[in-house]
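Provided below for reference: sequence and predicted model.
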Amino acid sequence: MKQNYYPAQTPPSPPKFEKPHKTAYHTLGHISGLVKLSKGNGMPVSVGDITMYMGPREIGGPDSLEEAIIGFIEGATIELQISVQELDHKPIADAIIAARLRGVRVHMVMEQDYLKEGKPPRADSLGEYEINRELLMRILRTGIDAKADYNPHIFHQKFIIRDKVSVLTGSTNFTTTGVTKNLNHVVIVHDKTVAGEYRKEFREIRKGIFGKRSLERSRKPLEDHYVSNMRVKPLFAPDHMPEMEFIKQMNKARERIDFAIFTFSKSSGIDDAMVLSKIAGVNVSGVMDRRAVNQKWAAKDTLAGADIDIFQNKTGTGVRKVHHKLMTIDDKITIVGSFNYTGPANLTNDENIVVFGDMDETDLTRIGVQNQFALYARQEIERIIEFQSERI
């Protein structure tokens, strides 16, 4: 069952600490059933206790990612557990420090590769990552417990747990480019059980259990859990091998698969699953980052060889990177998070995804909710393709 979604109508209000943006320009005249959004009436999509932001607004997205992240941090009253690859954006660092100064407990883990230089800087330079180190020193001086990762591969997480009951996750690093120049998303879930799954992950990280070491302690994923009438399933890599979840969901597709992704390599099995879906008559379409898609290891040729519609961001649009890790399936499933479509993301990196919705859902109310959520994600993929991309 399909349901028209009219973003220009007033959706449920976001939780009081999150700040919806004030202006946006987001036009999607070519998507049947969606009204045009004009300047001033766009909002993030909220379904009860779940809110999704697509941005950044600075380069044409409908939502402010900076406001979403800072608003979430400002809402903390007890504790923040922050797990992020990189932090170089001063307003976000200021919000974290302000939380600590008002009595909130703050624990952080970051990727150490963005705190050290690959080679010695020039004599007249402090180095590429000096701002990262400066912000870390400010954070440490306020008594925040901040640590670097021990994963020899990539610590790629991007989530915050707030007051043990709310989670912010998505594709957005806490960097100036991440919140103003790279196409990204943020999702906020207010639910103690979902937050509990992220707290388990954070505890492992804090104990130094990174990457492949996490496979030594098997942990079952959360199943059959609903938040505001939508199934929510968080998964972590490498613990849960998220690639298999992507393939399982794509194998159920009957009409369409839409995606926006930063890195898509031939080492992933996701490209093969897309090819099989295309052969089965499913419409498969997506946009990838222009630099990543043209690397030798990229899955571009595999997808193009199956007549899958693939696009890359154009130059001159203000977009630095297509940094999403975003997929929708039949307007029923939405998959978000930090997970690029690569072998290392599945096997060695620290990552997370969240699957929203259920392809086998029969309850009409739940179908309507997951349709509304997925359509908001798909319309952003369509906007990027129409206004900021070119066919490969």
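Done, it's in.

low-scoring stretches of the stretch 101-250 of the chain, by residue?
112-129, 149-156, 208-218 (pLDDT under 70).

ranges for the helices of the stretch 251-392 of the chain?
With DSSP state H, counting those that start in this stretch, the ranges of helices along the stretch 251-392 of the chain come out as 270-279, 290-293, 300-305, 343-347, 364-388.

Of these, which is nearest residue 137?
The minimum distance between residue 137 and those falls on helix 343-347, with 30.7 Å, by C-beta to C-beta. For every residue, glycine as well, the C-beta is placed using N, CA and C.

So which residue is dead centre in this protein?
The centre of the chain sits closest to residue 170, judged by C-alpha atoms, centre = their mean, with a distance of 2.3 Å.

Can you tell me the closest non-neighbouring residue to that residue?
residue 186 (4.2 Å; C-beta to C-beta, 6 or more residues apart in numbering).

quick one: the helix or strand that neighbour falls within to helix 364-388, angle?
Using DSSP states H and E, residue 186 sits within strand 182-190. Per axes from the mean of the first three to the mean of the last three C-alpha atoms, to 10 degrees, the angle that strand 182-190 makes with helix 364-388 is 160 degrees.

From the contact counts, what lies against strand 182-190?
Judged by 3 or more C-beta pairs under 8 Å, 6 or more residues apart in numbering; DSSP states H and E, the packing partners of strand 182-190 are strand 50-55, helix 65-74, strand 166-170, strand 321-322, helix 364-388.

Tell me how many other residues crowd the residue nearest to residue 388 when sequence neighbours are not counted.
Counting by C-beta to C-beta, 6+ apart, residue 317 is the residue found nearest to residue 388 once chain neighbours are left out, at 4.3 Å. Residue 317 has 15 neighbours, counted by other C-beta atoms under 10 Å.

Contact partners for residue 317?
59-60, 387-388 (C-beta atoms under 8 Å, 6 or more residues apart in numbering).

Am I right that residue 194 falls within a helix?
Yes - Residue 194: assigned to a helix according to DSSP: H, G, I helix; E, B strand; the rest coil.

Surely residue 73 is in contact with residue 84?
No - in terms of C-beta atoms under 8 Å, residue 73 does not count as a neighbour of residue 84; the distance is 11.6 Å.

Leaving out the residues flanking it, which one is nearest to residue 291?
residue 321 (7.6 Å).

again, but for residue 93
residue 135 (4.3 Å).

So that neighbour versus residue 268, what's the distance?
33 Å (C-beta to C-beta, to the nearest Å).

what do you get for residue 247?
Counting by C-beta to C-beta, the gap from residue 247 to residue 268 is 10 Å.

same question, residue 95
Residue 95 is 35 Å from residue 268, by C-beta to C-beta.

Quick check on the two: which one has the bigger neighbour count.
Using other C-beta under 10 Å, the more surrounded residue of residue 95 and residue 268 is residue 268, with 25 against 20.

Quick check: closest non-adjacent residue to that one.
Per C-beta to C-beta, 6+ apart, closest to residue 268 is residue 341, 4.4 Å.

Ok, residue 83 next?
Closest to residue 83 by C-beta to C-beta, 6+ apart is residue 157, at 4.2 Å.

Thought residue 350 was touching that neighbour, still the case?
Yes - between residue 157 and residue 350 there is a contact at 5.3 Å, judged by C-beta under 8 Å.

tell me, what's touching these two both at once?
Common neighbours of residue 157 and residue 350 (C-beta under 8 Å, 6+ apart) are residue 205.

quick one: contacts for residue 178?
Residue 178 neighbours (C-beta under 8 Å, 6+ apart): 65, 86, 89, 172, 184, 323.

Could you do residue 233 as well?
Contacts of residue 233 by C-beta under 8 Å, 6+ apart are 221-223, 225, 245, 354-356.

If you count neighbours, what's buried in stretch 131-146?
131-133, 135-136, 139, 144, 146 (16 or more other C-beta atoms under 10 Å).

so which of the residues you listed would you say is closest to residue 304?
Among the buried residues of stretch 131-146, and counting by C-beta to C-beta, the member closest to residue 304 is residue 132, at 37.5 Å.

who does residue 283 bridge with?
For residue 283, the beta-bridge partners under DSSP bridges are residue 256.

Go ahead and confirm it touches residue 253.
No - using C-beta under 8 Å, residue 283 makes no contact with residue 253, being 9.1 Å away.

and these two? which has more neighbours close in?
Applying other C-beta under 10 Å to residue 283 and residue 253 shows that residue 253 carries more neighbours, namely 23 against 13.

Residue 246 versus the more buried one, what's the distance?
Taking C-beta to C-beta, one finds residue 253 at 11 Å from residue 246.

same question, residue 257
Residue 257 is 10 Å from residue 246, by C-beta to C-beta.

Could you name every residue contacting both of those two?
Common contact partners of residue 257 and residue 246 (C-beta under 8 Å, 6+ apart): residue 327.
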